[in-house]
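[1] sequence and predicted structure are below.
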Amino acid sequence: MREKAYIALGSNMGDAAVNLNGAVAALNLVPGVTVTKVSGFYLTKPWGYADQPDFTNACCEVETSLSPEALLGVCLGIEAGMGRVRVIKNGPRVIDLDLLLYGEEQRCTEELTLPHPRMWEREFVLRPLLDLADNGRIGTHDVAAALADLPAKNC
């Protein structure tokens, strides 16, 4: 059975657009994963650790036969393959892939929480995710309302 999943992408090192496109292409090469939609790219201020370049953010929708944990592993593998090194929490990165939603699955394990626990607080996630939403919604999730409810300048 195939499930729809949503992945946030971000980059602020090197050519961010090339990095995002490369990550989407890498996802599409994985057996059991098909990228079906990609949002627009959004330039955003860093979140958490401010002393770094602005980010380019996007989201993509995939159809997958992989489990949520396997899809997370794919995302982490793509990050590693593209040269991501975790030195500073929320610091600069070549690529960042976060599994946001996997159908209506809910998980809370040491390795994976679904839906992503902080996605509803972050404009840089919600704005591109809204590009992928039908009538502002993804399944039971009202992305448009969540974005409208954010305080101003929450990026």
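    Nice, thanks for sending it over.
[2] which parts of this structure are strands?
    Per DSSP state E, the chain carries strands over the ranges 3-11, 33-38, 42-44, 55-64, 96-102, 107-108, 113-114, 137-138, 141-142.
[3] just send those back as a markdown table, with mean neighbour count too.
    Where C-beta positions appear, they are placed from N, C-alpha and C, glycine not excepted. Putting the strands of the chain into a markdown table (neighbours: other C-beta atoms under 10 Å) gives the following:
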| stretch | mean neighbour count |
| --- | --- |
| strand 3-11 | 24 |
| strand 33-38 | 17 |
| strand 42-44 | 16 |
| strand 55-64 | 24 |
| strand 96-102 | 23 |
| strand 107-108 | 11 |
| strand 113-114 | 16 |
| strand 137-138 | 18 |
| strand 141-142 | 17 |
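[4] tabulate the ones you listed (CSV), appending distance to Val24.
    Formatted as CSV, those follow (distance: least, C-beta to C-beta, whole Å):
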stretch, distance to Val24
strand 3-11, 7
strand 33-38, 6
strand 42-44, 15
strand 55-64, 6
strand 96-102, 10
strand 107-108, 24
strand 113-114, 21
strand 137-138, 18
strand 141-142, 22
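[5] of those strands, which is nearest Gly83?
    Comparison of those against Gly83 by C-beta to C-beta identifies strand 3-11 as nearest, at 10.9 Å.
[6] other SSEs contacting the closest one?
    The elements that strand 3-11 packs onto, with contact taken as 3 or more C-beta pairs under 8 Å, 6 or more residues apart in numbering; DSSP states H and E, are helix 16-29, strand 55-64, helix 68-81, strand 96-102, helix 123-132.
[7] can you lay out those as TSV showing distance to Val87?
    Converted to TSV, these look like this (distance: least, C-beta to C-beta, whole Å):
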stretch	distance to Val87
helix 16-29	17
strand 55-64	16
helix 68-81	13
strand 96-102	13
helix 123-132	21
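[8] which residue, other than its chain neighbours, is closest to Met82?
    Nearest residue to Met82, sequence neighbours excluded (C-beta to C-beta, 6 or more residues apart in numbering): Ile95, at 4.7 Å.
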